[in-house]
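just need the structure, nothing else, for what follows:
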Amino acid sequence: MSSSPDPDRACRAGNILFVGTAGALERAGALIAAHAARRPVRTCTARPEEEAWRRELRDAGAVILVADPATWVGDAIEGVCVETDGRHVVAGVMPDDPRAFAAAAALQRRAGAGLGPVALLSGHEDHVRARVGPLAEALRGGSSEVYDLPSARVDRTAMLSALGAGPGLAIYTGEGTPRGWTGYRHVQSWELAQASSAPMGALVSLSCSGSAGIGSIRALAETVVESGAAASALGAVGAVARADDEALGMLLARRFADGATCLADLVVPVVAQLALFRISGDPLAPFVGAPGSDDALRGVEAPAVAAELAPVDWS
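Predicted structure coming up:
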């Protein structure tokens, strides 16, 4: 493993701009204060769909759009970043919900605690399992413990309990729908939300439609952030080709191994590859695990059987 990265590395560059109505910014006060304790903060009273806030991005390192929970992340922002003066400013859409504010503020206040464990989740399909080995190896180049929790060997209840303990980062690779993942016997986003006892730093869904809602049904990424189960989440607003998901997973894993400490660190260098993805929540939420999250993941980890069995002496 590499040496432990600075938890504030790129997340400390520039200031952060909060955008929302006067009421929304007031309700987000605790989150704004948590950021202000660590970096310069500015606010802009405007609705996310208005253009006025874009003129305030001059020195921003990130922008958080505080939006009505009914606002789909795909309508609020055009990508994981907005471009201004030839540079990319990472953008997250934060639901105007006290649970979301509390989870993100808690992660900001714990930023100095060091990076937490990584939960690597995957579907049961053969082509998915084939990509997990290289992905796990790349992630283990970082300083965090990485736990493999495949749906073929970990049941839904155990997986939900492990994620509910609040790991620093959870990554799912496999098939998905706006309602959830096909892995873990078609686990649904509301189950991830209800199982949480401590927020994850970030959830990354490398599947189709992780940020795509259907009518009144909220997207998976939006649901876990709105409920406070994760301080931030990354998901696609539509279908993603298998090869693209696999390549993107490796890019993000290498960014993590190189010292990324939040979604902003992960996504800025690969903006072009993330055209179909959006960030829900706080893009500067650090990958800090809750106390006990390492033990929770270790207790349910189920790596390949062949990797665990020692040779038998039959003499």
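
which residues are in contact with the residue lying closest to residue 150 once chain neighbours are set aside?
Setting aside the residues directly before and after it, residue 150 is nearest to residue 122 in space (CB to CB, 6 or more residues apart in numbering), at 4.9 Å. The C-beta positions use only the backbone N, C-alpha and C, and glycine is treated the same way. Applying CB atoms under 8 Å, 6 or more residues apart in numbering, one finds that residue 122 lies in contact with 128, 129, 132, 148, 149, 150, 151, 172, 173, 174, 183.

beta partners of residue 122?
residue 150, residue 173 (DSSP bridges).

where in the stretch 151-300 of the chain is pLDDT low?
Applying pLDDT under 70 to the stretch 151-300 of the chain flags the ranges 208-217.

where along it do the helices fall?
156-164, 183-186, 189-194, 220-226, 242-257, 263-267, 293-300 (DSSP state H, counting those that start in this stretch).

the ones you listed into a markdown table, with extra columns for distance to residue 56 and mean neighbour count?
Compiled in a markdown table, the helices of the stretch 151-300 of the chain are given as follows (distance: least, CB to CB, whole Å; neighbours: other CB atoms under 10 Å):
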| stretch | distance to residue 56 | mean neighbour count |
| --- | --- | --- |
| helix 156-164 | 36 | 20 |
| helix 183-186 | 41 | 20 |
| helix 189-194 | 32 | 20 |
| helix 220-226 | 23 | 30 |
| helix 242-257 | 28 | 19 |
| helix 263-267 | 18 | 27 |
| helix 293-300 | 36 | 19 |
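
what is the burial count for residue 291?
Taking other CB atoms under 10 Å as the criterion, the count of residues near residue 291 is 12.

show me the contacts for it.
By CB under 8 Å, 6+ apart, the contact list for residue 291 reads residue 198.

relative to residue 166, how far out is it?
Look at residue 291 and residue 166: by CB to CB, to the nearest Å, they are 8 Å apart.

overlap in contacts of the two?
Counting by CB under 8 Å, 6+ apart, the residues touching both residue 291 and residue 166 are residue 198.

does residue 141 touch residue 255 like I think?
No. No contact is recorded between residue 141 and residue 255 when judged using CB atoms under 8 Å, the distance being 10.6 Å.

so for the two, which residues contact both of them?
Shared between the contact lists of residue 141 and residue 255 (criterion: CB under 8 Å, 6+ apart) there are no residues.

please could you give me each C-alpha atom of stretch 128-140, formatted as CSV?
The C-alpha trace of stretch 128-140 is given here as CSV (Å, rounded to 0.1, in the frame of the first residue of the first chain):
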residue,chain,number,x,y,z
VAL,A,128,-18.7,-8.6,-13.9
ARG,A,129,-16.7,-11.0,-11.7
ALA,A,130,-14.0,-11.1,-14.4
ARG,A,131,-13.4,-7.3,-13.9
VAL,A,132,-13.4,-7.4,-10.1
GLY,A,133,-9.9,-8.9,-9.7
PRO,A,134,-8.1,-6.1,-11.5
LEU,A,135,-10.3,-3.5,-9.9
ALA,A,136,-9.6,-4.8,-6.4
GLU,A,137,-5.8,-5.0,-7.2
ALA,A,138,-5.8,-1.3,-8.4
LEU,A,139,-7.7,-0.1,-5.3
ARG,A,140,-5.3,-1.9,-3.0
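
quick one: average pLDDT of it?
Per-residue confidence for stretch 128-140 averages out to 91 on the pLDDT scale.

how about residue 184, what does it touch?
For residue 184, the contact set (CB under 8 Å, 6+ apart) comprises 121, 151, 154, 155, 156, 159, 160.

just how off-centre is the one helix or strand residue 31 maps to within its chain?
Assigned by DSSP states H and E, residue 31 belongs to helix 29-36. Helix 29-36 has its average C-alpha position 20 Å from the chain's average C-alpha position, going by CA atoms, centre = their mean, to the nearest Å.

and the contacts of it?
Contacts with helix 29-36, where a contact means CB under 8 Å, 6+ apart, come from 16, 18, 25, 41, 43, 94, 101-102, 104-105, 108-109, 282, 284.

kindly report the same for stretch 94-110.
Residues from elsewhere that reach stretch 94-110, judged by CB under 8 Å, 6+ apart: 20, 24, 27-28, 30-31, 33-35, 37-38, 64-69, 199, 201, 222, 225-232, 280-282, 284-286, 288.

any quick PyMOL command for the buried ones out of these?
Of these, the buried ones go into a single PyMOL selection, burial set by 16 or more other CB atoms under 10 Å:
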select buried, resi 20+24+27+28+31+34+35+38+64+65+66+67+199+201+222+225+226+227+228+229+230+231+232+280+281+282+284+285+286+288
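
ok, the closest residue to residue 68 other than its chain neighbours - how many residues close by?
Distances taken as CB to CB, 6+ apart put residue 96 closest to residue 68, at 5.7 Å, once the chain neighbours are dropped. Neighbour count of residue 96, defined by other CB under 10 Å: 20.

nothing else from me, thank you.
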